[in-house]
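**Q** Got a predicted structure here, sequence first:
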Amino acid sequence: PTGRYAAFLVAIYVPTAEAERVREAAWAAGAGRSERYERSAYAMPAAGTFRPVAGAHPAAGTPGAQAHTEEQRLEFLVDERVLGGVTAAILEAHPYEEPALEVIELKNGGEAYGFGLVGDLAAPRTLARLAAEVKAALGLPAVRYVGNGDREVGRLAWLGGSGGDYFKQALAAGAEAYITGEVRHHAALDGLQAGLCFIEVGHVGSEQPVVPFLAEFFREKLGDAVPVTALNQVDPFTVV
């Protein structure tokens, strides 16, 4: 992890009869979602009062008369990446002409972000076998590994490109083997001494396999409006 997205508390008062509709609209826009939970919200009973003036089109009451409503205060945890969409969805679903929307940034932040991935194999295997499987999966002519080929590993870290200098983060995540594009000599020695094995697949070897996926992703999102071309990067190194 290299940082965290900002997190916000979004609150709104809604007539009780309309609370479910507003809640569903907020959820559909991404509110109440965290790393391990979704469709989360808080609801507290509340009482509202207001007097519409001439020209108003109130959802309850009539202009010139004080209105009293049974309401709920809905609260949602919202990630900064979806904040705009969530607030727009809430205001669109809300029955009032002028709803009061409360948005507060939280100090503890939201979901962490960073580089690479870490995960566990379904079953441990030797480093040598894993290196052979990585080579076959990426369609490479060769890979290099650092460590005892007979050592069994189960928890892996992965980072495309020149990820060798992130071996300390891989160790901190509990990885036993680290697959990346390039590893410097001294990083390999330091990591090995700390108990981490490496599988080096080459810079192009670690990045080229994702290019067709990204191209298809953008074609689906952009349609025919923008032509998308996937380039086949050629590894400048030849294995002999």
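**A** Received the coordinates, thanks. Residues are numbered from 1 along each chain as shown.

**Q** going forward, measure contacts between C-alpha atoms and count neighbours the same way
**A** Will do.

**Q** do you know how far the residue of the chain most remote from its centre is from Y13?
**A** Here the chain reaches farthest from its C-alpha mean at G64, the gap being 49.3 Å by CA atoms, centre = their mean. As for G64, its distance to Y13 is 22 Å (criterion: CA to CA, to the nearest Å).

**Q** what do you get for A136?
**A** Here the distance between A136 and Y13 works out to 57 Å (CA to CA).

**Q** Kindly report the same for S162.
**A** S162 sits 50 Å away from Y13 when distances are taken as CA to CA.

**Q** Also G205?
**A** For G205, the distance to Y13 equals 54 Å [CA to CA].

**Q** and Q66, how many neighbours does it have?
**A** The tally of other residues near Q66 (other CA atoms under 10 Å) stands at 12.

**Q** Which pLDDT value belongs to the nearest residue to it once chain neighbours are set aside?
**A** Nearest-residue entry for Q66: R51, 4.3 Å, with adjacent residues in sequence omitted and distances by CA to CA, 6 or more residues apart in numbering. R51 carries a pLDDT score of 94 in this model.

**Q** Pull the contacting residues for R51.
**A** By CA atoms under 8 Å, 6 or more residues apart in numbering, the contact list for R51 reads G61, T62, P63, G64, A65, Q66, A67.

**Q** cool, G3 as well?
**A** Taking CA under 8 Å, 6+ apart, one finds A112, Y113, G114 in contact with G3.

**Q** Just the buried ones from those?
**A** Neighbour-count burial (16 or more other CA atoms under 10 Å) is assigned to none of these.

**Q** Which single one of those residues is nearest to Y145?
**A** Taking CA to CA as the measure, Y145 lies nearest G114 of the contacts of G3, at 24.7 Å.

**Q** There's contact between that closest one and T2 in this structure, I believe.
**A** Yes - under the criterion of CA atoms under 8 Å, G114 is in contact with T2, at a separation of 4.7 Å.

**Q** mind listing the strands for this protein?
**A** Chain-ordered strands for the chain, with DSSP state E as the definition, fall at 3-4, 7-15, 42-50, 67-79, 101-106, 112-113, 117-126, 144-146, 152-159, 177-180, 197-200.

**Q** Can you name every helix or strand that the third one contacts?
**A** Contact partners of strand 42-50 among helices and strands, from 3 or more CA pairs under 8 Å, 6 or more residues apart in numbering; DSSP states H and E: strand 67-79.

**Q** Neighbouring strands - and their directions - for the strand it packs on?
**A** Taking DSSP bridges as the criterion, strand 67-79 forms sheet pairs with strand 7-15 (antiparallel), strand 42-50 (antiparallel).

**Q** re earlier: between S162 and Y13, which has more neighbouring residues?
**A** When S162 and Y13 are compared for neighbours, Y13 comes out ahead with 24 against 17, by other CA under 10 Å.

**Q** from what I can see that one touches E70, true?
**A** No - in terms of CA under 8 Å, Y13 does not count as a neighbour of E70; the distance is 9.9 Å.

**Q** list residues touching both of those two?
**A** Common neighbours of Y13 and E70 (criterion: CA under 8 Å, 6+ apart): A46.

**Q** contacting residues for H94?
**A** When contacts are counted by CA under 8 Å, 6+ apart, H94 is found next to V14, E18, V22.

**Q** Could you pull out the helices in this protein for me?
**A** With helices called from DSSP state H, the chain shows them at 19-28, 83-93, 127-138, 167-172, 185-193, 203-207, 211-222.
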